[in-house]
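Undergrad: Here is a sequence with its predicted model. Questions after.
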Amino acid sequence: MFKSSILASKNTIIEENIEEFCIMVRRNNKAILGGILCEIKNESLNINTLWLHESIRGKNISRKLIEESEIHARKNDCYFSRVSTASFQAPWLYLKLGYKKISEFKFGPHKTICYKKRLTN
């Protein structure tokens, strides 16, 4: 975790706590076969990248990576999780995990879909 300061209007300093983390999937503790890259910022989990090698897709590994990221986020007092994905990148996965679509826009031949999920009751 690192702490950064940004300059806001009227020269007021706003403190932000940002934590970036990743969870990797490896074969025999060697080759990386996938992973998830996230950041915790403003009491929210942002899923930036989720990737799996073709050989391990369809085995619920994406679900496990997202769930583990959400567990880590809850331990760090996050209230929400957010992710954006392209329409060709299995957007149904997030719906199955309880995410709600909050926006959608066309970008070239595909759509970008943004999802949000509440992590606390």
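TA: The structure has been received and is ready for your questions. What you see is a predicted model; the values in this text were computed from it and never measured.
Undergrad: Give the bridge partners for residue 40, please.
TA: When bridges are called by DSSP bridges, residue 40 pairs up with residue 19, residue 45.
Undergrad: no, scratch that, I was asking about residue 101
TA: On DSSP bridges, the residues paired with residue 101 through beta bridges are residue 115.
Undergrad: which residues of this protein fall in strands?
TA: With strands called from DSSP state E, the chain shows them at 2-7, 13-27, 31-41, 44-52, 80-86, 100-107, 110-118.
Undergrad: Dump the C-alpha coordinates for the longest one into CSV.
TA: Taking Å, rounded to 0.1, in the frame of the first residue of the first chain, the C-alpha atoms of strand 13-27 are listed here in CSV:
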residue,chain,number,x,y,z
ILE,A,13,-4.7,18.5,-0.1
ILE,A,14,-6.8,15.4,-0.3
GLU,A,15,-5.2,12.2,1.1
GLU,A,16,-5.9,9.0,-0.8
ASN,A,17,-5.1,5.5,0.3
ILE,A,18,-4.6,3.2,-2.6
GLU,A,19,-3.7,-0.5,-2.5
GLU,A,20,-2.9,-2.5,-5.7
PHE,A,21,-2.9,-6.2,-5.5
CYS,A,22,-3.0,-9.2,-7.8
ILE,A,23,-3.8,-12.9,-7.3
MET,A,24,-2.0,-15.2,-9.8
VAL,A,25,-2.8,-18.7,-11.1
ARG,A,26,0.4,-20.7,-11.6
ARG,A,27,1.1,-24.2,-13.0
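Undergrad: any idea of the mean pLDDT in it?
TA: The pLDDT scores in strand 13-27 average 80.
Undergrad: Tell me the buried residues in it?
TA: 23, 25 (16 or more other Cβ atoms under 10 Å). (Each C-beta comes from the backbone N, C-alpha and C, glycine too.)
Undergrad: helices or strands next to that strand in the packing?
TA: On a contact count with 3 or more Cβ pairs under 8 Å, 6 or more residues apart in numbering; DSSP states H and E, strand 13-27 meets strand 2-7, strand 31-41, helix 61-75.
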